[in-house]
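Engineer: take a look and give me a structure for this.
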Amino acid sequence: MLELTIGIVGATGVVGQTAFDILADDFSGFKVKKLKMYASRSSAGKVFNFRNSKVTIEEINLESLQECDAILFATDAAISQEYIPKLAEKGILCIDKSSAFRSHSAVPLVVPEVNADQLAYEKIAKFPVIASPNCCTIPLVMVLKALDEKFSLIRAIVSTYQSVSGAGKPAVEVLTEETKNFFVNQDLTCGKSDIFPKSIAFNVMPYVAGLLENGDTDEESKIISETRKILANPKLLLAATSVRVPTFVGHGESVTLEFKNKVTAAQVKETLSQFSGISVIDEKSKFEEDDYELFVTPREAHGKDDVFVSRVRKTEVFENGIALWIVSDNLRKGAALNAIQIINFCALNGTILSLKRK
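Structural biologist: Predicted coordinates:
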């Protein structure tokens with residue numbers, strides 16, 4: 001098993017902290033020999049306990065980053081664009097959670113359960129950078145991949161219900177403070193914050209990131225373009241509406257699908273239940289620790305690695321139509337876990353070892 005020095009850039013953010021927690025687990029492809037954590041100057045010097053050792057946060061610097069075998073970038077696109085090309089020149093595997101490289105033609109956009117073939121050394125040797133998709137794209141493409149292979153997907157209509165942690169730690173703080181303000185002062189003024197254009201507490205807003213010229217938000221555009229890229233289907237008919245909701249962790253997606261082939265709800269459940277990383281929930285589901293009953297909510301998905309699918313049913317809006325509900329932990333499978341699974345796969349398939357020998 002490979003022993004690797006792993007770096008986390010953006011280590012004090014919600015995704016970085018989730019990655020820190022996950023890396024304490026055991027993996028089939030690698031062992032963390034050393035963990036290096038990077039953040040802004042204001043966080044430098046903070047100390048975290050990792051397994052049986054202490055890790056001190058460093059200010060982001062190229063010299064120290066070059067000591068890593070693989071690095072997870074859980075920060076904004078500007079920092080990724082500044083450091084990743086320089087590290088890639090040195091043959092260091094970089095997994096980027098920002099949007100900086102997702103549309104780059106030479107950079108694979110990967111969900112290991114869907115397109116792990118893109119992690120072969122030959123595909124990334126010249127520029128060892130892997131982009132991790134948007135937190136709503138990841139669970140969506142897992143479902144679409146499984147069903148498209150069997151029933152031939154024609155179109156998808158998606159509405160997302162996204163928790164505030166998707167906008168980072170400051171957004172979590174905004175929801176917390178606005179909620180406190182309501183209970184203390186009975187104030188439900190729909191005012192603007194530093195994070196959101198209107199109050200998020202006890203509210204929903206069809207606005208995740210900025211509006212584009214075509215009327216889509218940036219988030220909706222990402223879901224559409226990223227899904228097409230991952231599924232290698234640039235003409236896939238897909239509409240998305242992204243809604244920010246006043247929950248802390250966990251994203252939900254209401255999905256309506258049209259297929260070329262005839263399909264039943266039972267066939268969809270059976271197909272999805274056989275796909276790695278997906279749990280189908282209905283009246284027949286049996287779990288040792290959790291009783292989800294008929295459906296799963298984002299709160300129940302918090303801290304779980306699986307993508308949960310429930311409310312699977314036929315819909316008459318299309319001849320071969322299916323409607324379903326997806327939830328997942330946006331900080332785990334939607335972000336940190338997917339990136340770490342990419343590192344694990346690159347350890348198992350020999351890509352990291354080949355990069356180290358380069």
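Engineer: domain assignment for the chain?
Structural biologist: Using automatic domain parsing, the domain parsing of the chain gives 2-133+335-357, 137-163+204-330.
Engineer: mind putting the ones you listed into JSON lines with mean pLDDT, distance to Gln186 and mean neighbour count?
Structural biologist: Yep, even glycine has a C-beta here, placed from its N, CA and C like the rest. Putting those into JSON lines (pLDDT from 0 to 100; distance: least, Cβ to Cβ, whole Å; neighbours: other Cβ atoms under 10 Å) gives the following:
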{"stretch": "domain 2-133+335-357", "mean pLDDT": "95", "distance to Gln186": "29", "mean neighbour count": "19"}
{"stretch": "domain 137-163+204-330", "mean pLDDT": "94", "distance to Gln186": "17", "mean neighbour count": "18"}
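Engineer: how far does stretch 245-264 sit from its chain's centre?
Structural biologist: Between the centre of stretch 245-264 and the centre of its chain there are 16 Å (Cα atoms, centre = their mean, to the nearest Å).
Engineer: does Glu3 lie in a helix or a strand, and which?
Structural biologist: Under the criterion DSSP states H and E, the helix or strand holding Glu3 is strand 2-9.
Engineer: can you name the element that comes right after that strand?
Structural biologist: helix 14-22.
Engineer: tilt between that following helix and strand 2-9?
Structural biologist: Relative orientation of helix 14-22 and strand 2-9, computed by axes from the mean of the first three to the mean of the last three Cα atoms, to 10 degrees: 150 degrees.
Engineer: so what does helix 14-22 touch, helix or strand wise?
Structural biologist: strand 2-9, strand 30-39, helix 337-348 (3 or more Cβ pairs under 8 Å, 6 or more residues apart in numbering; DSSP states H and E).
Engineer: tell me the strands beside the first one, with direction?
Structural biologist: Read that as strand 2-9. Using DSSP bridges, strand 2-9 pairs in its sheet with strand 30-39 (parallel), strand 70-73 (parallel).
Engineer: circling back: make CSV out of the domains of the chain and add distance to Gly191.
Structural biologist: What follows is the domains of the chain, written out as CSV (distance: least, Cβ to Cβ, whole Å):
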stretch, distance to Gly191
domain 2-133+335-357, 24
domain 137-163+204-330, 13
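Engineer: any idea how far the strand holding Glu3 is from the middle of the chain?
Structural biologist: From the chain centre to the centre of strand 2-9 is a distance of 20 Å (Cα atoms, centre = their mean).
Engineer: do the same with stretch 215-223
Structural biologist: Centre-to-centre, stretch 215-223 and its host chain are 16 Å apart (Cα atoms, centre = their mean).
Engineer: one more: stretch 175-183?
Structural biologist: 27 Å.
Engineer: tell me which residues in that stretch are buried?
Structural biologist: For stretch 175-183, burial by neighbour count (16 or more other Cβ atoms under 10 Å) applies to 175, 178, 181.
Engineer: any chance of the helices and strands packed on helix 14-22 in JSON lines, plus distance to Val158?
Structural biologist: Formatted as JSON lines, those follow (distance: least, Cβ to Cβ, whole Å):
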{"stretch": "strand 2-9", "distance to Val158": "30"}
{"stretch": "strand 30-39", "distance to Val158": "33"}
{"stretch": "helix 337-348", "distance to Val158": "18"}
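Engineer: between the ones you listed, which one is closest to Pro133.
Structural biologist: helix 337-348 (7.5 Å; Cβ to Cβ).
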